[in-house]
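Visitor: Dropping the sequence and predicted coords here.
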Amino acid sequence: MNGNLSVLGRAMRTGQARLGLVLLSVVGFVVLFGHFLMPYAPDTIVGQPLADPDGSFLLGTDILGRDVLSRLLDGGLTLSWMAVLAAGLGVFLGCLVGLTAAYRGGAVDAVLMRAMDVLLSFPEIIFVLLFVSMLGRSTLLTSVLVGIAFMPGVSRVLRGAALPVVASEYVLWARANGLPPRQVLLREVLPGVTSPLMVETGMRLVWAVAAIASLSYLGFGIAPPAADWGLMVGENQDGLSVAPLPVLAPITLILMMALGGNLVAESVARTVGRTEGKR
Amino acid sequence: MIEEVTQEVQVSGVTVTIDGTGHDIVQDIGFALGRGEVMGVVGESGSGKSTLALALLGFARPGATITGGRVVVDGVDLLALPEGRLRRARGRKVAYVPQDPATALNPSLSLATQLTEGLGVPRREALPRVKQLLVDVGLPGDDAFLKRRPRQLSGGQQQRVAIAMAIAAGPRLIVLDEPTTGLDVSTQARVLEMVRSLCRSRDMAAIYVSHDLAVVADVADYVTVMYGGEVVESGSDRDVLVRSGHPYTRALLAAVPSATHRHQLVPIRGRAPGADEARQGCVFAPRCDHAVDACSVTRPLLTPGPSGTSVRCLRMDEVARTSRAVSRAPSARVVGGGEEVFSVAGLNAGYGGRQVLFDVSFSLPRGECLALVGESGSGKTTLSRCLVGLHEEQEGVLTFSGAAIGRTRGKEVQRQVQYIFQNPYGSLNPRRTVGRSLAVPLQHYFGLTARQAESRVHEALERVEIPARLASRHPADLSGGQRQRVAIARALVCDPAVLVCDEVTSALDVSVQASVVELLRSLLSDGLSMVFVTHNLAVVRSIADTTVVLNQGRVVESGVTDSVLGNPTHPYTQSLMAATLEVPEATGR
């Protein structure tokens, strides 16, 4: 029997999680295969600005006269890999810091967690903007910065989850027998926190999408003329009263992605909460 | 029986069923109890005794329902009352004292508030009554004490307050669910004395649920023995414990260690039935030495047996004819003379600057078992952690095989001094199979691959009597006793010289404790040396060659076990021995 898989399986049987999965697969399909289905190149002007939808432009054109559908189909890929990179980096670093703090305790714990508190006191967006305005705009830099901004939150959660595991007798046994710390952390402690780790990864992925889309909207994420959902909202908001679609369509996709991810993560979290006590 | 009509408490046919499967957790429980009498309900974990305790208040845990029976207290059938009246009857007719007083009391309310809120009268009128109550349960009844909060009290005081709360509204029946299990022996003795005198002075019936036969023997007038959700034997205190007629009661008694003499502990073979198993015939038949074919088909009824108790057994006449011989273990193991394998000299240790161990010294000869005895707060767990190098703040000299060892010790010392934890549920990684848990030390110390380790793992499991097929299971699939055996096996694969056992049997049932003690005893005969940390003097008597008594972090007495426990010289040891309860039969009557 495998505890983690059975938790996932049970979570997926809830209606909430299924709705989330459907939303995520629709968005996922657009992100992965959209590039091959575009009717026009996403960054060339092909018609009148802010044209209404018709036979040749299914969702109309944007404020510069580019095809909204093509930009929508192309605009998710960059956002997605950035979000995956940011969330992955945030969870990895947070895990490293949180588990080390819980395992070592004492002064190491205090220093690490106070450092995290200092980081946590910067709002994510401000933190990223600070470095982007100093170092210049780059997609890689933005995702790394978002990942670092996630680190304190993740490390707090994982430290909390790891504390009872570190105090448990099987970890004490490993320490008393002088097993190397890296092995104790990887083989004894980490498996004990996989459930909160999964939930955290899911949530951070969703938050990364939101954060990067907001940065693009503010003009600090993905640079024009590249197609991107967050950027599209920013570019087209002046034409909102004339043509709402160029703004609403990307917002809908971002919303579906965030909501879907949230629903799945939430139901995994609840299933974990219900079942954890029984093990 | 005619006299039952006048009895204060009459319980009959109480059955609690699991909703989903329809299996019964407890089945057809019945007994009667007069004013001021105490009924002891004895059973091991899973016997349904806590479910019964709650059912007596008309309560079933979520997922289970009381499907039948009557609980008549003072002429009122509680189970027939509608919910609203039942709620009012709780506290006035019947009250409950849970096992853990820390969870029964609200940590953020003062005692005055907690004790007055249930009385339903204005606080000014209630306070004098509450003060009297506190005096009744042996606590100071002054204002300063009433202002305290639960966590400013000791465990024994908390339990007294919980009992005071339960009796505040003057119930006719009080149900106590293992109220002294978490307490030290001396505190336990005082609480039991208080319960007895309360019942007598208030003419109140009590049902005392416990797994501890000695405690029940001490407090109860009548004893009901439960197994697998059924009453298997019931009768007066003496009759059940001395002239027991049911094979299970007898087996249980044979598994109980005694603090006054050393005898062979006989474990009960097999495993207790789960609440969720369908069953047929006698519930104890699969583990019974007297069972015949008919036992697995016909369910016996509870009928008066030859020994004066009511017994649920088809073969009670045959059982009554066999004698209950207690085989004495030869206590004459070679003591002394062995070379010293481990010793401690002038050990001081503390937590965060507060010193908990003062100048502790002792030495352990090869092949012997040394018991460290003490109540909670005596520093015995700190001491055992110092021995295996898990404690930071310590100074003093530890010697192993003639060489001094510091807190950072070499791999060879780590391998040879193995530690076994108190809690069998936490000592194995729940995400790893038993076999792989045992392979970890083999990889670490001997550099074996998982494949090479396999035969050694099976050998070690065999040694602790765990079937090799369980190697592929996770700890969650094992019982507490099996997990503790696996933890011992994990120490054994390291090929150790010294085992440090920290309260290894305290979380286990007596029948399981017996098998673990016997296992450890057989390891001693294999030449292993052992430090056995415990609060249980009876277990000490059955295993230890020498005994060190700790009080408040200091060694107050040490020496050969038989003389320390037989003729204690220090007042503390004497008081411990005096507070330790015995099952009457085991005193050699």
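Guide: Received the coordinates, thanks.
Visitor: So which bits of chain B are right by chain A?
Guide: B:388-390, B:409, B:411, B:414-415, B:419, B:421-423, B:426-432, B:437, B:440-441, B:444-445, B:474, B:476, B:490, B:494 (C-beta under 8 Å from any C-beta of the partner chain). In this view, the C-beta of every residue, glycine as well, is placed from N, C-alpha and C.
Visitor: In terms of helix, strand or coil, where does residue A:48 fall?
Guide: Here residue A:48 takes the coil state, with states given by DSSP: H, G, I helix; E, B strand; the rest coil.
Visitor: so what's the residue nearest to it when sequence neighbours are not counted up against?
Guide: Sequence neighbours aside, residue A:65 is the residue nearest to residue A:48 in space, at 5.8 Å (criterion: C-beta to C-beta, 6 or more residues apart in numbering or on different chains). Residue A:65 sits next to A:45-49, A:51 when contact means C-beta atoms under 8 Å, 6 or more residues apart in numbering or on different chains.
Visitor: Would you reformat these as JSON lines and include pLDDT and neighbour count?
Guide: Listed next are those as JSON lines, based on pLDDT from 0 to 100; neighbours: other C-beta atoms under 10 Å in any protein chain shown:
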{"residue": "A:45", "pLDDT": "84", "neighbour count": "15"}
{"residue": "A:46", "pLDDT": "82", "neighbour count": "16"}
{"residue": "A:47", "pLDDT": "81", "neighbour count": "17"}
{"residue": "A:48", "pLDDT": "83", "neighbour count": "11"}
{"residue": "A:49", "pLDDT": "81", "neighbour count": "17"}
{"residue": "A:51", "pLDDT": "80", "neighbour count": "17"}
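Visitor: Distance to residue A:83 added to the residues you listed, as a markdown table?
Guide: Formatted as a markdown table, the contacts of residue A:65 follow (distance: C-beta to C-beta, whole Å):
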| residue | distance to residue A:83 |
| --- | --- |
| A:45 | 29 |
| A:46 | 29 |
| A:47 | 31 |
| A:48 | 34 |
| A:49 | 30 |
| A:51 | 31 |
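Visitor: picking that back up, report whether the residue nearest to residue A:48 is found in a helix, as I expect.
Guide: No. Assigned with three-state DSSP, residue A:65 falls outside any helix and is coil.
Visitor: Could you check the pLDDT of it?
Guide: With respect to pLDDT, residue A:65 has a value of 84.
Visitor: ok, now how distant is it from chain B?
Guide: 58 Å (C-beta to the nearest C-beta, to the nearest Å).
Visitor: ok so, going back, out of the contacts of residue A:65, the closest to chain B would be?
Guide: Checking the contacts of residue A:65 against chain B by C-beta to the nearest C-beta gives residue A:46 as the nearest, at 56.2 Å.
Visitor: List the contacts of the closest residue to that closest one other than its chain neighbours.
Guide: Nearest non-adjacent residue to residue A:46, counting by C-beta to C-beta, 6+ apart: residue A:40, 5.0 Å away. Listed by C-beta under 8 Å, 6+ apart, the contact partners of residue A:40 are A:46, A:66-67, A:70.
Visitor: Could you identify the most distant pair in the residues you listed?
Guide: Distances among the contacts of residue A:40 were taken as C-beta to C-beta; the most separated pair is A:46 and A:70, at 8.3 Å.
Visitor: If we go by neighbour counts, what in stretch B:36-49 is buried?
Guide: B:36-44, B:46-49 (16 or more other C-beta atoms under 10 Å in any protein chain shown).
Visitor: Just put those residues in CSV and tack on secondary structure.
Guide: Listed next are the buried residues of stretch B:36-49 as CSV, based on three-state DSSP:
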residue, secondary structure
B:36, coil
B:37, coil
B:38, strand
B:39, strand
B:40, strand
B:41, strand
B:42, strand
B:43, coil
B:44, coil
B:46, coil
B:47, coil
B:48, coil
B:49, helix
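Visitor: Out of these, which comes closest to chain A?
Guide: residue B:46 (16.2 Å).
Visitor: List phi and psi for that closest one.
Guide: Here is the backbone geometry of residue B:46 (degrees, to the nearest 10): phi 90, psi 0.
Visitor: so who does the closest residue to it other than its chain neighbours touch?
Guide: Nearest non-adjacent residue to residue B:46, counting by C-beta to C-beta, 6+ apart: residue B:272, 5.1 Å away. Counting by C-beta under 8 Å, 6+ apart, residue B:272 makes contact with B:44-47, B:227-228, B:509.
Visitor: And for residue A:197?
Guide: Applying C-beta under 8 Å, 6+ apart, the residues near residue A:197 are A:91, A:95, A:158, A:161, A:190.
Visitor: Drop anything exposed from these.
Guide: A:91, A:95, A:158, A:161, A:190.
Visitor: wait, isn't the first one in contact with residue A:200?
Guide: Yes. Counting by C-beta atoms under 8 Å, residue A:91 touches residue A:200, with 6.1 Å between them.
Visitor: if I look at those two, which residues touch both of them?
Guide: Contact criterion C-beta under 8 Å, 6+ apart; residues shared by residue A:91 and residue A:200: residue A:154.
Visitor: Report how many residues lie close to the closest residue to residue B:449 other than its chain neighbours.
Guide: Closest residue in space to residue B:449, ignoring its immediate chain neighbours: residue B:443 at 7.3 Å, by C-beta to C-beta, 6+ apart. A count of neighbours around residue B:443, defined by other C-beta atoms under 10 Å in any protein chain shown, yields 16.
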